[in-house]
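J.: model the following, please.
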Amino acid sequence: MVMEKPSPLLVGREFVRQYYTLLNKAPEYLHRFYGRNSSYVHGGVDASGKPQEAVYGQNDIHHKVLSLNFSECHTKIRHVDAHATLSDGVVVQVMGLLSNSGQPERKFMQTFVLAPEGSVPNKFYVHNDMFRYEDEVFGDSEPELDEESEDEVEEEQEERQPSPEPVQENADSGYYEAHPVANGIEEPLEESSHEPEPEPESETKTEERKPQVEEKNLEE
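T.: I've put the predicted structure just below:
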């Protein structure tokens, strides 16, 4: 019976579950996920301020992991992407939060390239591993973003300053209510000039409304 080939997403999710479980419980055995030709890079800069260099091979990866002093490492996985790549491999990208030794959680992104291990079906090892904390990459640009956001708020406030004038006009019922009425009574006003005088009150009312509307229109 031929085993059905799992989807890249299924492979990626199962690998993520196993990898971060071992990172939490027994990080000293993480090197077993890697092979002789594997590469591993973790973090942004070293103690001297230089970019971290990749280490190669299972033995050097083991020493590198031990030097990171993982202890009670907890992760919260927010998103996993997995896609097929060359030679039946799988690329896995993980985004989440990581806390080591009781320290505050930090956002991270980690990318794995899983390669088939020999002729064994559905068995993979980590050929490439790249880990980065987001605050190490974007930390310097955060103040600039804050300044830009403050400028945008100030600009919005400046743009909103003249807005009270139309708002006050909106509040004046004589503007929006009298304007359409004026359009409706322009013709009746002409007719009322030919009507006899028995209704002086209605004429005076309409005559009073018309100049009010015209004055406000001129003020605009």
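
J.: now do the helices in the chain.
T.: 8-25, 58-67, 134-138, 142-160, 164-171, 173-192, 200-219 (DSSP state H).

J.: rank these by pLDDT, which is bottom?
T.: Among those, helix 173-192 carries the lowest mean pLDDT, at a mean of 38.

J.: please report how far the closest residue to residue 60 other than its chain neighbours lies from residue 104.
T.: Leaving out its chain neighbours, the residue that sits closest to residue 60 by C-beta to C-beta, 6 or more residues apart in numbering is residue 40, at 7.9 Å. All C-beta spots, glycine's among them, are computed from the backbone N, C-alpha and C. Residue 40 sits at a distance of 25 Å from residue 104 (criterion: C-beta to C-beta, to the nearest Å).

J.: the more surrounded of those two?
T.: residue 40 (24 against 7; other C-beta atoms under 10 Å).

J.: which residues touch the more buried one?
T.: Applying C-beta atoms under 8 Å, 6 or more residues apart in numbering to residue 40 gives the contacts 34, 54-56, 60-61, 64-65, 126, 129.

J.: now swap in residue 79 and tell me
T.: For residue 79, the contact set (C-beta under 8 Å, 6+ apart) comprises 94-96.

J.: narrow those residues to those that are buried.
T.: Among the contacts of residue 79, those classed as buried by 16 or more other C-beta atoms under 10 Å are 94, 96.

J.: restricted to strands, list the contacts of residue 79.
T.: 94-96 (DSSP state E).

J.: I'd like those residues as CSV, with pLDDT appended.
T.: Below are the ones in strands among the contacts of residue 79 laid out as CSV (pLDDT from 0 to 100):
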residue, pLDDT
94, 97
95, 97
96, 96
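
J.: mind putting those residues into a markdown table with distance to residue 108?
T.: Shown next, in a markdown table, are the ones in strands among the contacts of residue 79 (distance: C-beta to C-beta, whole Å):
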| residue | distance to residue 108 |
| --- | --- |
| 94 | 8 |
| 95 | 7 |
| 96 | 6 |
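
J.: from these, which is closest to residue 138?
T.: Each of those was checked against residue 138 using C-beta to C-beta; the closest is residue 95, at 13.5 Å.
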